[in-house]
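Undergrad: Everything below, folded, please.
(chains A and B)
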Amino acid sequence: MEDRIVQFIAGLRAAGVRVSLAESQDAAQATLHIGITDRAMFKSALSATLIKEKKDVPIFEKLFPLYFNMGVPPLIPVGGQFTPEQQALLRAAMRALIGELSDLVQRLMAGKQLSREEMERLAKMIRSDRSNRPEDIPRLTRQMLQKMGMGDLMEQIETLLQQLAEMGMTREALDQIRQELEANAQNLERQVNQFLGQSLADRLTEQPPQKGDPDLMDRHFGSLSESEIKELRHEVARLAARLRSRIALRQKKGDGKFFDAKTTMRANIRHGGVPFEMHWKKKRLKPKFALICDMSESMRDVIEFMLRLMYELHDQVSRARSFGFYDHLEDVTDEFSSNRPDEAIAYVKRRFPYRPYGTDLGFCLADFFHTYMDAIDHRTTVIFLGDGRNNYNDPRLDLVQDLTRRARKVVWFNPESNHEWGSGDSDMLKYQPLVSAVHQVSNLRQLAEAVDKLFS
Amino acid sequence: MFKSTTDVIDCLSEQDYIATKEIGTVLFLAERLNKPVLAEGPAGVGKTELAKAWSAASGRELIRLQCYEGLDETKALYEWEYAKQMLYTQLLRDKLQTLLSDSQSLAQAADRLAAEEDVFFSQRFLLARPLLKAITSEKPVTLLIDEIDRTDAEFEAFLLEVLSDFQVSVPEIGTIKAKTQPLVLLTSNNTRELSEALKRRCVYLFIDYPTFEAELKIVRLKVPNLAPELAKQAVELVQKLRRLDLKKNPSVSETIDWAKALVLLNAKTIDKETLENTLTILLKHEADVQRARTSMQREEQQQRRRPLDLDDGTFSGNIKPIKRI
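TA: Okay, the predicted model is just below:
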C-alpha cells in the first residue's frame, strides 16, 4: 500500500502539484491512523495531507481513481448452481454450436478471466499507450471489447438461449443463464477498465513532470476565451490584495525617518508622559491619476482589466479621472468609476463609433489641452493606455512635452509587444524618450507589475 | 482523544454542528498527527462555528485570536503593562530609597537595582495575549486563529515560528514552553495566497457551501419552528441564488437568519411579497438584490409562457406551427 501511495504522489508531482517530503510522510502516517477499509475516508485523509490549494483539487480527483481502484469481482462460470442434467444440457448445447459461438461467449460461459498478457496484447492492438488522459479510458475500453467481439455478443447469447430452449431448458434456468452472462460481461468490462487505468497510472508516474499550460496571467489578452476571461476577473481581487500589501510594505519601509512629536505625546499620556512608545512620521500622500485611454476595438480587454484593477485599488488613490479618445476626446470619469466595466465600455463605445483610420492622438491631445487641463497638477500621474498608432497623423510631441513638464510623471501602457513599437503608423518610438516610463501590458501579469510601479 | 472519525462526527453533532465525513476525517487526523488545521472557504460556511463545536466536543476551552491587517506581535503574543510597572515604581519609591540608601556609588546603586530587576520584569507585569495564553495554559485548549489571510507576510512568518515549536522566548524572562499541546485551527477566506511554509505545516480542509440535503438538515436543526415544507422551499431558493453570478453568495448563516425571519413573520408560504421584503437578509449588496429580482422575474415570465400545445390544434399566438411532412 505504501508503494501505491508513493506512486500516487509521483503521479501528482508529474501533473504539476507540489508535494513536499514532509507532506508525503504525513500522508503515510495518516493512512496508518485512518486505515484503508473505508475508501471515502482514505480519500479525505490523502486529500487533507497532500492537497493544500484549491486549484489542485481537480487533479487529485482525476488521478485518485487511477491508482486506488476497488477490486473488481471475478468472472464466475455460468450455470455453476445448476443440476447435473441442466449442466449436461448446457454442455451439449455448447458442443452443438461449437462453430458459431465466438471466443468471447465461450470465455464468458466458462468464467475465464483475461490474463495480463492477453490484456496487454489487446491494448497494444488498439495502441492505448498513445493517450495519456483519463478521459479517454472509456473509449479505449470500448475499443478493446470490440476487438474481443463484444459487438455480436447479444446476438450470440440469443442464439445460445434459443438452442437451449429447443433442447428443453426451463424458463427460469434460461433467465438465470442470461443474468449470469450479463454480469460476467459487465465484470469483464470493469476489469479492462481497471487494467487501462493502472497502465495509464504507471505511464504517468514514469513521465517527467511536464510544464503545465502557461498560467492564465501570462497569456496575451487577445488569446483568452470567454471562460478564461471570467476566471481572470476573479483573480483581479486577489491581485489587488497582493498589490495593496506590497504598497503597504513599501510605505512601512519608507517611514520612520522623522520623529513625530505630536503623536508620541498623545500616545504616551497613559504612561504619564514618559515616552514608552515612539511614533514616527508617516508620509501617506495618495497619488492622483489621469487616465487617457485609446478607445479602439483592440483595446477592449486591456481597458477592462485596467479598470477592474483601478477600482479594486481605489482606496489607495486620492483622485482618478479618466478620458477616452479615438477621433475626439471625452471625459468618461463617471462611467469608469462605477464597478461595472463591461457596461461602462459598452456605453462608451456608443459614444465613440467606429471610423476607419479614426485614431488621432495629436488632435485629441490638443482638445485635452484646450478643455481638461485642470485635471493635471504637479501631483498627478498621467497614464496613456494605447498602442501609439496614429494613422500617420501629427503626433503632437510638443504637447506631450508640455504635459511632462506639468504633471508629476507621464507613463505609457502599451499592449503591443516590444518589437512592434515603431512599425507602420506607430509613433511609439517618438513618444518613448519624452515620457518617464513605457510598459508593455499584453497580459495580466505585466499589467499588474506596471500598476505596482505606479504606486512606488 | 477521539477514537475514530465517526466518533468525531457524533461528538460534533451533539454540539449541534452537522459535519461532513471529510471534516470528521481531517479533524481526527489533525489531532493524531499533531498538526494545525487550515480551513479555507467562502465567508459564512461555518469555519468559526466548527472551531467552537470542536473545542466544546473535546472538552477544551476556546482561545480566539482575530486577525486583521496590521496585527503584530504585541497584540498577538504578549505586551508589557507599562502603566502597572510605573504605578508600582511610584508606590514603592520609598522602599526603593531605603534599599539604595547605603550604596556608595552610582554603579553600586545600579547593580543593586539590577538585582531587583526580575521584580519589574516578571510574569506579574506580562500581559498575555491569546497566543501566550494558549501556550501557558494549564489545561489543554483549542486555539482559533481567525481570518489569517487578513494579516501580512511578517505575521505569518512569526506565527509559523510559534506554531512549529510551541515555545516563546521572552528576553527578560526566558523561554516559555507549552505544557499541553493545543489544538490549532486557522481559518481563511482565500482573499490572498498564504505562504507555502504555513500551508505545508497544516492539514488542509476546504469547506464549501453545503449541499441541499445538508443545508436542509442545518436549517431544521437551528430553526426547529419553521414548517418542513417552508424550510424545503427556502433552502431550494437559496441554492438557486447561489447559482447566479452574484458578488457575494448568501452564506449558511444568512440562510439561518432568513429562516428565523420567516418564523417571526409567521409566513405560510414564500410568496413574492415576503421574498421582496426579506431579500436583503440574504443579499447584502444592492447590485445582487437587483440581479436576483431580474432573474426571478425572467423565470416567472418563462413559466407564464407555456409551451405551445400543438397536438389538439389550438394555440394562441402569432407563431406558425411547423408542419410535419
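
Undergrad: Domain ranges for chain A, per the record?
TA: Under automatic domain parsing, the residue ranges defining each domain of chain A are A:2-67, A:84-206, A:226-454.

Undergrad: would JSON lines of these with mean pLDDT and mean neighbour count be doable?
TA: Bear in mind the C-beta positions are built from the backbone N, C-alpha and C, glycine included. Listed next are those as JSON lines, based on pLDDT from 0 to 100; neighbours: other C-beta atoms under 10 Å in any protein chain shown:
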{"stretch": "domain A:2-67", "mean pLDDT": "87", "mean neighbour count": "18"}
{"stretch": "domain A:84-206", "mean pLDDT": "80", "mean neighbour count": "16"}
{"stretch": "domain A:226-454", "mean pLDDT": "86", "mean neighbour count": "17"}
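
Undergrad: surely A:Gly362 meets A:Tyr392?
TA: No. Look at A:Gly362 against A:Tyr392 with C-beta atoms under 8 Å: they stay out of range, at 10.6 Å.

Undergrad: right, is the one helix or strand A:Arg266 maps to up against chain B?
TA: Taking DSSP states H and E as the criterion, A:Arg266 maps to helix A:261-267. No. With C-beta under 8 Å from any C-beta of the partner chain as the criterion, chain B is not reached by helix A:261-267; the gap is at least 11.3 Å.

Undergrad: ok but A:Val411 is inside a strand, no?
TA: Yes. The assignment for A:Val411 is a strand, going by DSSP: H, G, I helix; E, B strand; the rest coil.

Undergrad: So the closest residue to it other than its chain neighbours versus chain B, what's the distance?
TA: Spatial nearest neighbour of A:Val411, chain neighbours left out: A:Ala437 (4.7 Å); criterion: C-beta to C-beta, 6 or more residues apart in numbering or on different chains. Distance of A:Ala437 to chain B, computed by C-beta to the nearest C-beta, to the nearest Å: 27 Å.

Undergrad: these two touch, right, A:Ala437 and A:Lys453?
TA: Yes. At 7.0 Å, A:Ala437 counts as touching A:Lys453 under the criterion of C-beta under 8 Å.

Undergrad: okay, and the common contacts of the two?
TA: A:Val411 (C-beta atoms under 8 Å, 6 or more residues apart in numbering or on different chains).

Undergrad: give me the element the closest residue to chain A within the stretch 1-150 of chain B is part of.
TA: Ranked by C-beta to the nearest C-beta, the top residue of the stretch 1-150 of chain B for proximity to chain A is B:Thr25, at 4.0 Å. Using DSSP H and E, B:Thr25 falls within helix B:21-33.

Undergrad: just checking, what packs against the next helix-or-strand element following that helix?
TA: Sequence order places strand B:37-40 as the next helix or strand after helix B:21-33, per DSSP H and E. Strand B:37-40 is packed against helix B:21-33, strand B:183-188, strand B:203-206, with contacts defined by 3 or more C-beta pairs under 8 Å, 6 or more residues apart in numbering or on different chains; DSSP states H and E.

Undergrad: Throw those into a markdown table and include mean pLDDT, distance to A:Glu61 and mean neighbour count, thanks.
TA: Listed next are the helices and strands packed on strand B:37-40 as a markdown table, based on pLDDT from 0 to 100; distance: least, C-beta to C-beta, whole Å; neighbours: other C-beta atoms under 10 Å in any protein chain shown:
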| stretch | mean pLDDT | distance to A:Glu61 | mean neighbour count |
| --- | --- | --- | --- |
| helix B:21-33 | 92 | 13 | 23 |
| strand B:183-188 | 94 | 22 | 25 |
| strand B:203-206 | 93 | 12 | 23 |
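
Undergrad: Distance to A:Gly256 added to these, as a markdown table?
TA: Compiled in a markdown table, these are given as follows (distance: least, C-beta to C-beta, whole Å):
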| stretch | distance to A:Gly256 |
| --- | --- |
| helix B:21-33 | 41 |
| strand B:183-188 | 30 |
| strand B:203-206 | 38 |
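
Undergrad: which parts of chain A sit against chain B?
TA: A:18, A:20, A:22-23, A:26, A:29-30, A:33-34, A:38, A:40-41, A:44-45, A:47-49, A:51-54, A:57, A:237-238, A:241-242, A:245, A:248-249, A:270-272, A:274, A:276, A:339.
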